[in-house]
Structures are given as structure tokens and as C-alpha cells.
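Asker: Sequence and predicted model, in that order:
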Amino acid sequence: MSTEKSNAIASALRPVLARLNRKLRKLSPSDTVLSQTERSILVLLEQNKYLLSAELAVIEKITPQSMGAILNHLTELHLVFKTASPDDKRKVHISISAKGREMLEQVRYERDEWLSKAIAEVC
């Protein structure tokens, strides 16, 4: 396939993929009201053993105060837990809980199910 043809396909496909990505991001289990940022934090914590609140704030490009409020909400929902750093008691390690992992699995399952149905309807 020529580079010109590949570029044309990529140009046509990009807006479709962007819409699909937005749609998938909006999907969440019907019994949760987590924001996209809260779900993103859970994914980051799933990928890492733990992160500090300041690290999460930098990654998500939000203020430390906003991150604190989000982490308090996630803690209240038992989706994350906080533990004092063994090296520096001033630092708190944030980790995803088993309930948080279950929620991510549910979100992924529902997204896969939606996408599968959408493909079946079109194809």
C-alpha cells in the first residue's frame, strides 16, 4: 500500500476512532458515578504498586488540593487505600483496593460488551 493511500485511510479513520474512544470512556457500570479522572487514577494505581498523591496530581495535571479531594472520595468508596511510607512517615502511599480492581474489570467488561454489540449490528 502506498504512503499516500495509508495517509488517506488514517485521515478518514482518525475522527471515527476519536468518537469511539469518547463513547467508550463515557461508559461505566450503571451503579457508579466516577469521573473520568477518578477512573484514570484507578488505572494508574492498577499499573503501579503504589503512587504518592503528588505524583498522581502531576500525572493527571490537576492541583494537589483537587487530587486530595478525589483520593478522599475514592477512599470513602473503598476503591483505594492509603498507607504510611515505611521510609518517610510524612508520605502516604496510595494503592488500588480489591474493590477498585473489580470496578475496573466491570468497566472493561461493559465496554467490551458494548463494542461487541456495536460491531455485530454493523457487520
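Answerer: Thanks, I have it. Numbering: from 1, shown residues only.
Asker: Could you list the low-pLDDT ranges of this structure?
Answerer: 27-32 (pLDDT under 70).
Asker: Show me the helices in it, by range?
Answerer: 3-26, 36-47, 53-60, 64-76, 98-122 (DSSP state H).
Asker: need the ones you listed in CSV with distance to T83, can you?
Answerer: For the C-beta atoms, the positions are set from N, CA and C on the backbone; glycine is no exception. Converted to CSV, those look like this (distance: least, C-beta to C-beta, whole Å):
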stretch, distance to T83
helix 3-26, 30
helix 36-47, 12
helix 53-60, 12
helix 64-76, 12
helix 98-122, 14
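Asker: In CSV: those helices, plus mean neighbour count and distance to S85.
Answerer: Converted to CSV, these look like this (neighbours: other C-beta atoms under 10 Å; distance: least, C-beta to C-beta, whole Å):
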stretch, mean neighbour count, distance to S85
helix 3-26, 10, 32
helix 36-47, 17, 16
helix 53-60, 16, 12
helix 64-76, 15, 15
helix 98-122, 13, 20
